[in-house]
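>>> Fold the following.
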Amino acid sequence: MTVYTSWDRADASPKRAAESNAEFFDRIAGPFWNQVRSVINEWWSHFPDQARPSLRSRLRDRNSDANVYSALWELYLHEMLLGSGCTVEIEPQIGTRGNNPDFLVTRDGKQFVVEAIWTSQRLGDALSNPLPPQLSDAIDGVLSPNFVVSYKVDRAGAATPPQRRLKAGLTRWLASLDPDQVAVQYEHRVPLPKHTWQEADWRITFEAIPRSPGKRGSPTSRTIGVHPAIWVDDESNRVLEAVKRKGGKYGDLALPFIVAVGHAAVFPEDEDTETALYGTSAEYAHTSAPTSGRMLDGYWTATYEHTHSRVSGVLTVDNPAPWTWTKHIPVLWRSPDPKSLPAPALPTWATARLSEGRVVRQPATCSVNNAVGLPKEWPVGDPFPRDHRSNPS
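The predicted model follows:
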């Protein structure tokens, strides 16, 4: 048994809005994605027999993208630990609360515990009247070699409307436009061409944006080029919530405890993680020169009772996914609490610690791609090569 079986995949089109991640990973054709599936299968085989069925079920869960990515995060962590010379026990029976953490890790005769959590990006009131996935896929399914479109939902209906007339109208309109002429006119401040579609209770206004000459004619390119502006939740809050959720779950482990956060974010910033764990940076003015410090709003600085001292460190990787596994450097954020057991750091991890209100960093001494046994530039090739025709719905 494997996670993905071999079959003659022919659909190389990008992920559709209505498609789950599990469906996409199993459906997408091409050498780039064959590499991804092959490595997932191999790393999955490195888990103990009893752990494989549940992990496979999560990797293939078509009802939860979060399940898929959290399983991929655990898969990556497990392989990185093995490749760093560790032995790993899955869900050991330790702790004082009857729950089992993900990994008991042994390296050079020393043990520590790792608990994984994947945090997905939450959009606030992200899109005003967002498109249903079926409508988004219908628009992306319009063959438009010379233009991408932006859109604004002027009025949203209660039900998803039929897409046939929408696609036909967009196709005729875009085919009637000359991309070079539109580009020249836009340079002279002539507004971009607009098209309004109405059906049932729906009204959507489109703008046609010429593709650059070198990118015209690609059959795999999406037609929607610009979505309405979004705003996202505070990144630091999500990291803080993730560590709080896991930090006290297992009681007293009597071993160094690391919470590994797969930090999926639109705009990941180290400063957000610093704030989440060490508190907001501040300068305190005294009679002498100002001194740096931290406000009492971080995971380790928010309390004097040391209730968070059980967490020795927090390991973060920004936007972990198969195509970033060899590129994004893990960072171990060490607890500043003197009651915390010291967190060990692997050679593939950069480290950060709090010293007199400032964060002091040390780089990794070994490349993460070496630990996971893959080239630095992996997967090799283009995920959506231009010579593959899309298969729109």
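>>> now the strands for the stretch 101-250 of the chain?
In the stretch 101-250 of the chain, the segments counted as strands under DSSP state E, counting those that start in this stretch are 103-107, 110-119, 147-155, 194-199, 202-210, 224-226.
>>> Quick one, which of the ones you listed gets closest to residue 240.
strand 110-119 (10.2 Å; Cβ to Cβ). All C-beta atoms are positioned from the backbone trio N, CA, C, and that covers glycine.
>>> Direction included, what does that closest one pair up with?
Strand 110-119 has the following strand partners under DSSP bridges: strand 103-107 (antiparallel), strand 257-263 (parallel).
>>> Most tightly packed of those strands?
Stretch with highest mean neighbour count among the strands paired with strand 110-119: strand 257-263 (a mean of 26; mean count of other Cβ atoms under 10 Å).
>>> residue ranges with poor pLDDT in the stretch 151-300 of the chain?
Along the stretch 151-300 of the chain, segments meeting pLDDT under 70 span 219-220, 229-236, 284-290.
>>> what sits against the nearest residue to residue 320 once chain neighbours are set aside?
Nearest non-adjacent residue to residue 320, counting by Cβ to Cβ, 6 or more residues apart in numbering: residue 262, 4.5 Å away. Each residue near residue 262 by Cβ atoms under 8 Å, 6 or more residues apart in numbering is listed here: 69-70, 73, 116-119, 317, 320.
>>> Distance to residue 25 for the residues you listed - can I get that in CSV?
Shown next, in CSV, are those (distance: Cβ to Cβ, whole Å):
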residue, distance to residue 25
69, 11
70, 14
73, 14
116, 19
117, 21
118, 16
119, 20
317, 19
320, 15
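>>> So for stretch 51-64, what gets flagged as buried?
By neighbour count on 16 or more other Cβ atoms under 10 Å, the buried set for stretch 51-64 is 52, 55-56, 58-61.
>>> Go through stretch 347-358 and flag the buried ones.
Under 16+ other Cβ under 10 Å, the buried positions of stretch 347-358 are 348-354, 357.
>>> Measure how the top helix by length along the chain sits relative to strand 103-107, angle-wise.
Longest helix in the chain, counting residues (DSSP state H): helix 65-83. Relative orientation of helix 65-83 versus strand 103-107 (axes from the mean of the first three to the mean of the last three Cα atoms, to 10 degrees): 20 degrees.
>>> now what about helix 65-83, what contacts it?
Applying Cβ under 8 Å, 6+ apart, the external contacts of helix 65-83 come out as 20-22, 25, 40, 43-44, 46-47, 55, 58-61, 88, 102-103, 105, 114, 116-118, 120, 260, 262, 264, 317, 320-322, 325, 330, 346, 348, 368, 370-373.
>>> need the contact list for residue 342.
Taking Cβ under 8 Å, 6+ apart as the contact definition, residue 342 lies against 256, 312, 334.
>>> change it to 7 Å
Shown in contact with residue 342 (Cβ atoms under 7 Å, 6 or more residues apart in numbering): 256, 312.
>>> And the strands in the stretch 251-393 of the chain, which stretches?
Shown for the stretch 251-393 of the chain, the strands assigned by DSSP E, counting those that start in this stretch span residues 257-263, 281-284, 291-294, 313-318, 331-334, 350-355, 358-362.
>>> of the ones you listed, which approaches residue 190 most closely?
Among the strands of the stretch 251-393 of the chain, the nearest to residue 190 by Cβ to Cβ is strand 313-318 (41.2 Å).
>>> Could you list the buried residues of that closest one?
In terms of neighbour count (16+ other Cβ under 10 Å), strand 313-318 has its buried residues at 313-318.
>>> Counting neighbours, what do you get for residue 365?
For residue 365, the count of nearby residues is 11 (other Cβ atoms under 10 Å).
>>> wait, residue 205
The burial count for residue 205: 14, using other Cβ under 10 Å.
>>> returning to what we had before: ok, the buried residues of strand 313-318 vs residue 14, which is closest?
Closest approach to residue 14 among those (Cβ to Cβ): residue 318, at 22.3 Å.
>>> Contact partners for that closest one?
Listed by Cβ under 7 Å, 6+ apart, the contact set of residue 318 reads 263, 265, 268, 328.
>>> State the pair within those that is farthest apart.
Farthest apart among the contacts of residue 318 by Cβ to Cβ are 265 and 328. That separation is 11.7 Å.
>>> who touches both of those two?
318-319.
>>> So which bits of the helix or strand that the longest helix of the chain is followed by are buried?
For helix 65-83, the following helix or strand on the C-terminal side (DSSP states H and E) is strand 87-90. Using 16+ other Cβ under 10 Å as the test for burial, strand 87-90 gives 88, 90.
>>> Using PDB, write out every CA atom in strand 87-90.
The C-alpha trace of strand 87-90 is given here as PDB (Å, rounded to 0.1, in the frame of the first residue of the first chain):
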ATOM      1  CA  THR A  87      15.400   7.900  16.400                       C
ATOM      2  CA  VAL A  88      11.700   8.700  16.700                       C
ATOM      3  CA  GLU A  89       8.900   7.000  18.600                       C
ATOM      4  CA  ILE A  90       5.400   7.900  17.400                       C
END
